[in-house]
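Participant: Let me see the structure of the following:
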Amino acid sequence: MMGSNNGGGGGGGGGMTPGMGSPRAGGSDGRHDDEAVLTEFLSSLMDYSPTIPDELVEHYLGRSGFHCPDVRLTRLVAVATQKFISDVASDSLQHCKARVAAPIKDNKSKQPKDRRLVLTMDDLSKALREHGVNLKHPEYFADSPSAGMAPSTREEQN
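Facilitator: Have a look, this model is predicted:
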C-alpha cells in the first residue's frame, strides 16, 4: 500500500488521499471544500486499519505525554509513521542498489555472481540522514560484555 515512493508528497495511501494537490480558486468556497475534504478523510480513517496497531501507537503517544481519546488521530499518526518507514526503506533500497552497481576497482573476479541485495547500516544511515535522522553507531558493539573475550576468559567470569 505505502510501498511506492511517488514523490507526490500527498500520502500515497491506496485511495485514502483526498485531492490535496488540486488547485483551488481562493475565497470562502475553497475553504469550505477543504473542510469537506478533511471531514471526509477523517471519517475514512474510521474504516481503515493501518499496518501499525492502534495499541502500539497509543502506547508510544502515551510515553511521549500525548493522550487523545480520538481513534482517528491515532490512526493518522499510524499512517504517517507507515509512510515514513516506507520512504526510508525505499531510499535505503536505492542506496543499496547504487552501492552494488558501483564497479569494484580491485579485481573483476571478486564480483559476486549472486546479485542479491544486502541492506547495510550504511545504506540505512544514508536514507535516514536524508529524512533528518542522524544515526551513528560505534565501530564495534556487542550484544553482551563478554562477547569480545576469549572463551577461557568468559568461563572465568561465569
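
Participant: Assign a three-state SS to His133, would you?
Facilitator: Just so we're on the same page, residue 133 is Val rather than His. Recorded secondary structure, Val133: coil (DSSP: H, G, I helix; E, B strand; the rest coil).

Participant: ok, then the element right after the top helix by length along the chain?
Facilitator: In the chain, with assignment by DSSP state H, the single longest helix is helix 71-101. Toward the C-terminus, helix 71-101 is succeeded by helix 121-130 as the next helix or strand (DSSP states H and E).

Participant: Starting from Thr39, give me the distance back to Asp70.
Facilitator: When CB to CB, to the nearest Å is the yardstick, Asp70 and Thr39 sit 14 Å from each other. All C-beta atoms are positioned from the backbone trio N, CA, C, and that covers glycine.

Participant: What of Phe66?
Facilitator: Distance, Phe66 to Thr39, using CB to CB: 23 Å.

Participant: same thing with Ser64?
Facilitator: For Ser64, the distance to Thr39 - CB to CB - is 27 Å.

Participant: of these two, who's got more company?
Facilitator: More crowded of Ser64 and Thr39, by other CB atoms under 10 Å: Thr39, with 11 against 8.

Participant: low-scoring stretches of the chain, by residue?
Facilitator: The model of the chain has pLDDT under 70 over residues 1-29, 103-114, 137-158.

Participant: switch to 50 and redo it
Facilitator: Flagging of the chain using pLDDT under 50 yields the residue ranges 1-26.

Participant: do you know how far the closest residue to Ser125 other than its chain neighbours is from Thr74?
Facilitator: Closest residue in space to Ser125, ignoring its immediate chain neighbours: Leu135 at 4.7 Å, by CB to CB, 6 or more residues apart in numbering. Going from Leu135 to Thr74 by CB to CB gives 27 Å.

Participant: who has more neighbours, those two?
Facilitator: Between Leu135 and Thr74, counting by other CB under 10 Å, Thr74 is the more crowded of the two (22 against 11).

Participant: OK, contacts around the more buried one?
Facilitator: 54, 57-58, 61, 68 (CB atoms under 8 Å, 6 or more residues apart in numbering).

Participant: quick one: which of those sit in helices?
Facilitator: Counted as lying in helices by DSSP H, out of those, are 54, 57-58, 61.

Participant: Quick check: the farthest pair among these?
Facilitator: Farthest apart among these by CB to CB are Asp54 and Leu61. That separation is 10.1 Å.

Participant: neighbours around the closest residue to Asp91 other than its chain neighbours, how many?
Facilitator: If the residues on either side of it in the chain are set aside, Asp91 comes closest to Ala127, at 3.7 Å by CB to CB, 6+ apart. Ala127 has 22 neighbouring residues, counting by other CB under 10 Å.
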